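Asker: With the input below, show me the fold.
(chains A, B, C and D)
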Protein chains: 4
Amino acid sequence: MTDYPTGLGTSDRDTISLLGHDLAGDLLGTVTFGELAFWLATQQRPTPGQLRVFEAVLVSLADHGFTPTAIAARLTYYSAPDSLQGAIAAGLLGGGSRFLGVTEDTGMFLHTALADLGDTSGFTDEQWDAAALTLLTQTKQSGRRVPGLGHPVHKLRDPRTDVIIRIADEQGLRGAHLRLFEAIGRTNGQVLGKDLPLNGAGVAGAALADLGLPIELLRGFALLARTAGLIGHLAEERINPIAPAIYAEVDRNAVYVPAIPTN
Amino acid sequence: MTDYPTGLGTSDRDTISLLGHDLAGDLLGTVTFGELAFWLATQQRPTPGQLRVFEAVLVSLADHGFTPTAIAARLTYYSAPDSLQGAIAAGLLGGGSRFLGVTEDTGMFLHTALADLGDTSGFTDEQWDAAALTLLTQTKQSGRRVPGLGHPVHKLRDPRTDVIIRIADEQGLRGAHLRLFEAIGRTNGQVLGKDLPLNGAGVAGAALADLGLPIELLRGFALLARTAGLIGHLAEERINPIAPAIYAEVDRNAVYVPAIPTN
Amino acid sequence: MTDYPTGLGTSDRDTISLLGHDLAGDLLGTVTFGELAFWLATQQRPTPGQLRVFEAVLVSLADHGFTPTAIAARLTYYSAPDSLQGAIAAGLLGGGSRFLGVTEDTGMFLHTALADLGDTSGFTDEQWDAAALTLLTQTKQSGRRVPGLGHPVHKLRDPRTDVIIRIADEQGLRGAHLRLFEAIGRTNGQVLGKDLPLNGAGVAGAALADLGLPIELLRGFALLARTAGLIGHLAEERINPIAPAIYAEVDRNAVYVPAIPTN
Amino acid sequence: MTDYPTGLGTSDRDTISLLGHDLAGDLLGTVTFGELAFWLATQQRPTPGQLRVFEAVLVSLADHGFTPTAIAARLTYYSAPDSLQGAIAAGLLGGGSRFLGVTEDTGMFLHTALADLGDTSGFTDEQWDAAALTLLTQTKQSGRRVPGLGHPVHKLRDPRTDVIIRIADEQGLRGAHLRLFEAIGRTNGQVLGKDLPLNGAGVAGAALADLGLPIELLRGFALLARTAGLIGHLAEERINPIAPAIYAEVDRNAVYVPAIPTN
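Answerer: Predicted coordinates for the structure are as follows:
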């Protein structure tokens, strides 16, 4: 007989337990959905400060307008209006390396770099800048790119960056990931030839990492946030659809090109 | 040239707007993730009372232990650990008619019944009970079932039911959907032969409907809540996996049966 | 100890069995992929005639150009190029009631109608026409539509229709589903006011039903066919992408409209 | 005005073109589904020999019994029986690095190694063995593993291996990828300390690569093959379900463990 262990939910005839608490008596009406999401992911109840940063980061990631993932979800809803879960799933499936991945990639990049740096407690801004310069140089030399730098629209400054850093600072949660990333923001021009701003999705990743969330799951929080955004898009699509016009536009401008080689 | 209208997000070089507000200046650190999710779905900012009920309902729906959807997500993560979005999507795809659909089905059932009832403002409990009896009888006669009644585990009482109703009542949001559903809870034994308790997922649907959320999207809120639960399951699976044991258990007990007719 | 029965595959150290046959010795190089797909779905090996109709129907359903599902798959691949399975899954998720559902809906509609008709063996064309007229009239009176009738592009004649019927006829597999559907094609103008052609996806459903495939799974064969089409789209997208242009087109023409009511 | 180029399908009122051919007149009843799938992916019609190898490989990959992906699809169908596309998509989403990825990983590994080897035409078995030994040694030294080696069940010999190689050889399509992989099969014991057999999914990848299919899409053919297998599982699940028993088994043996740390 195999046991299946879990620290999440169990239930019997009269009670539902979640995270070791009575769901009905202790959690409903007491914790916000954001608080529960943090707690479920870490099996540790967040402090008020952690929760404040976490909710702000989720809000920052929830919607970015007509992204490819939002468009894919709308087209799927148009094709299969009977399956809302399919449209949401289709939208989330675009949450990979190119679009939603920046949050995770940045957190992972900083996490790995900090492991190499060893003890950074007490680092001054000068020390962070020196570490960032070394890291930027190494990364460039190995032909890779620092994730979370630059944004196709917000070319000078991503408006989310300063606000997320300020909220983390107010809660005493501006930790090593954010500080290293800020130093990368200050110094990258010296290595890359021009100053690139820190983008909001990258700062979100650094802030989530400073909260102690599992690095390998940072993409998951971007997906949770985006689920709320996708519901917004599908609510709107139901009333004021754009998918039929997108389909018509693409279909109308299709041009046959014989035998495009695919290999 | 086709225009693509949206009331959600837009951005330019220096600002990101969401729902007509400046994301960085007005929303980050000001609204919770739950508040934003409600607002995105309705394009109306929730009142504090609406938000309190909404967050409680999301908390009630986030996790129900080792459901088939949680197991499917864990198996998918085991097979494809490189794609967290795929595992979450697989978990959400079970959010259909049988498991997660109760929330939507109950809201829809009550909504349709209320449209037939006309003006119910000022209804007494006796009037609600009479309406419920008629509805139960009609539904039984047409061979259908009332959604949200009964629970495989919580056979006497679902512990979430009373708490959600109390929270809605405290906020002045115990509206017609909840009242009709409560009357169904009081009277169903007279029609069905034995008393079935209101289940929590059904009460969640009634409460969401009383908040004025789009009925056709109620399943979406169950899916949003469940996304947080799925991240919890995948976080746990990463550290303390059960998928390999489930796979081994099923594979070990596979029995070949020749030519099962499928038609 | 629970047993898990299956008529599909089992294996031990030295052999792999599939459908009761030795995979390596009996099936590889002997059956086509289409033959295996039919066999897996029914646990009955198709006759050569069944296989010929089945392969023709799959070919007819594989690709319809820039459909919403193909566009959704391409957008998802653009966002998450690291997860080919996610892009294919996103494309299949649009295989619901509106686009790919016609095949299943038509098969199901005809199947139900034939159950009501009883024994139709020996029906003449006149008898089929009379049955079709009754069915068309009943369907119209109940406010529903006959699936598989009409096509947005092929307004006069869907070029697939005659060919699929001819192939089925050559194999002695032009059965009751196809004959009733053909009668609907001949008579619908008398009830609907103008002649609508039978569309190819509907004829595909009727032909699959005449093969004895499980009616509830007809959508699955459309999805199998479409998987091949989606791989074609993604192969092309990798070399000659259109997703960036679609994204740019939609994003560029986004227009903010305040507070679209969603309820 | 943006053009959207494609070499796949286009249609007008009277005709449907696919791959530059008239679908109804030239393809229906003429090409098998497997032939069309190859053609769609490459935009080149396969030779009879290529088609024979391709169909055999698809057959070899279609089903492997109660894999985690088949179980996930069955659980999803149980939860959401209204959405067959969702159950198939959930099954495909497990087609990532661990289970279905072997086909692609092996093809990619061999492709990269061959690019380094330069001209291998005229290589003798001894030359292939020498190349394989160097590759095995380098791979081991860099701490990586050669994909496609070994199988949890078929510990001595995967029965698919020899048959696929024979079929490719008969068609003159036993090319450099297969030959290098065969040499790895002959020599790996000298480097790894014990002989590991070539597994069938890896041989499938080598054979597909020798057909000239796009290396980056090899996983897609495994997914296409698996779609047929998943339809088989869902057809069986509809008649003879195992998902309820799996759910009950896991739920019954759930054990609450407080606060499993996830980070």
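Asker: So the worst-scoring helix or strand of chain A on mean pLDDT, near chain D or not?
Answerer: Sorting the helices and strands of chain A by mean pLDDT, DSSP states H and E puts strand A:9-11 at the bottom, at a mean of 86. Yes - using CB under 8 Å from any CB of the partner chain, strand A:9-11 comes into contact with chain D via residue A:10. (Glycine included, C-beta is placed from N, CA and C.)
Asker: hmm, that strand in reach of chain B?
Answerer: Yes - counting by CB under 8 Å from any CB, chain B is contacted by strand A:9-11 at A:9-11.
Asker: Not counting sequence-adjacent ones, nearest residue to whichever residue of the stretch 101-250 of chain A sits closest to chain C?
Answerer: Per CB to the nearest CB, residue A:235 is where the stretch 101-250 of chain A lies closest to chain C, at 4.1 Å. Spatial nearest neighbour of residue A:235, chain neighbours left out: residue C:262 (4.1 Å); criterion: CB to CB, 6 or more residues apart in numbering or on different chains.
Asker: and the gap between the residue lying closest to residue A:198 once chain neighbours are set aside and chain B?
Answerer: Using CB to CB, 6+ apart and skipping the chain neighbours, the partner closest in space to residue A:198 is residue A:185 (4.3 Å). Distance from residue A:185 to chain B, counting by CB to the nearest CB, to the nearest Å: 16 Å.
Asker: So which bits of the helix or strand that contains residue A:185 are buried?
Answerer: Assigned by DSSP states H and E, residue A:185 belongs to helix A:176-192. Within helix A:176-192, the residues that qualify as buried are A:176-185, A:187-188, A:191-192, counting by 16 or more other CB atoms under 10 Å in any protein chain shown.
Asker: Kindly confirm my reading that residue A:81 forms part of a helix.
Answerer: No - assigned with DSSP: H, G, I helix; E, B strand; the rest coil, residue A:81 falls outside any helix and is coil.
Asker: ok, now which ones touch it?
Answerer: Going by CB atoms under 8 Å, 6 or more residues apart in numbering or on different chains, residue A:81 touches C:96-98.
Asker: coming back round to it: would you check that the residue of the stretch 101-250 of chain A closest to chain C makes contact with residue B:214?
Answerer: Yes - between residue A:235 and residue B:214 there is a contact under CB atoms under 8 Å: 5.7 Å.
Asker: Count residues in the vicinity of residue A:119, would you?
Answerer: Number of residues near residue A:119 (other CB atoms under 10 Å in any protein chain shown) recorded here: 8.
Asker: Now do it against residue A:131, distance only.
Answerer: Separation of residue A:119 from residue A:131 (CB to CB, to the nearest Å): 12 Å.
Asker: what about residue A:172, distance to residue D:72?
Answerer: 42 Å.
Asker: actually residue A:89, not the one I wrote
Answerer: Residue A:89 sits 13 Å away from residue D:72, going by CB to CB.
Asker: Identify the contacts common to these two.
Answerer: What both residue A:89 and residue D:72 touch, as defined by CB under 8 Å, 6+ apart, is the set residue B:90.
Asker: And the two? Which one has more around it.
Answerer: residue D:72 (37 against 32).
Asker: Helix or strand: which one has the closest residue to chain B within the stretch 101-250 of chain A?
Answerer: Residue of the stretch 101-250 of chain A nearest chain B, by CB to the nearest CB: residue A:232 (3.2 Å). Per DSSP H and E, residue A:232 falls inside helix A:218-239.
Asker: Model confidence score at the residue nearest the centre of chain A, please.
Answerer: In chain A, the residue lying closest to the centroid (CA atoms, centre = their mean) is residue A:222, at 3.1 Å. The model reports residue A:222 with a pLDDT of 96.
Asker: same question, residue A:263
Answerer: Residue A:263 carries a pLDDT value of 67.
Asker: Equivalent analysis for residue A:100, please.
Answerer: At residue A:100, the pLDDT recorded in the model is 80.
Asker: Tell me if I'm right that it and residue A:69 touch.
Answerer: Yes - between residue A:100 and residue A:69 there is a contact under CB under 8 Å: 7.3 Å.
Asker: Of the two, which one has the most company?
Answerer: Comparing residue A:100 with residue A:69 by other CB under 10 Å, the one with more neighbours is residue A:69, at 32 against 29.
Asker: I'd assumed residue C:72 was in contact with that one.
Answerer: No - applying CB under 8 Å as the test, residue A:69 and residue C:72 come out as separate, 9.8 Å apart.
Asker: How many residues are close by the closest residue in space to residue A:97 that isn't next to it in sequence?
Answerer: Spatial nearest neighbour of residue A:97, chain neighbours left out: residue C:82 (4.6 Å); criterion: CB to CB, 6+ apart. Here the count is done by other CB under 10 Å, and residue C:82 has 16 residues near it.
Asker: Got the phi and psi for residue C:82?
Answerer: Torsion angles at residue C:82 (phi, psi; degrees, to the nearest 10) stand at phi -80, psi -10.
Asker: Let me see the confidence value for it.
Answerer: Residue C:82 is given a pLDDT of 90.
Asker: swap in residue A:64?
Answerer: For residue A:64, the predicted pLDDT is 89.
Asker: Tell me which residues touch the closest residue to it other than its chain neighbours, please.
Answerer: Sequence neighbours aside, residue B:9 is the residue nearest to residue A:64 in space, at 6.1 Å (criterion: CB to CB, 6+ apart). Shown in contact with residue B:9 (CB under 8 Å, 6+ apart): A:63-65, A:229, B:16-19, B:23.
Asker: What of residue A:206?
Answerer: Residue A:206 is in contact with A:106-107, A:110, A:148, A:177-178, A:180-181, counting by CB under 8 Å, 6+ apart.
Asker: now do 7 Å
Answerer: Counting by CB atoms under 7 Å, 6 or more residues apart in numbering or on different chains, residue A:206 touches A:106-107, A:110, A:177-178, A:181.
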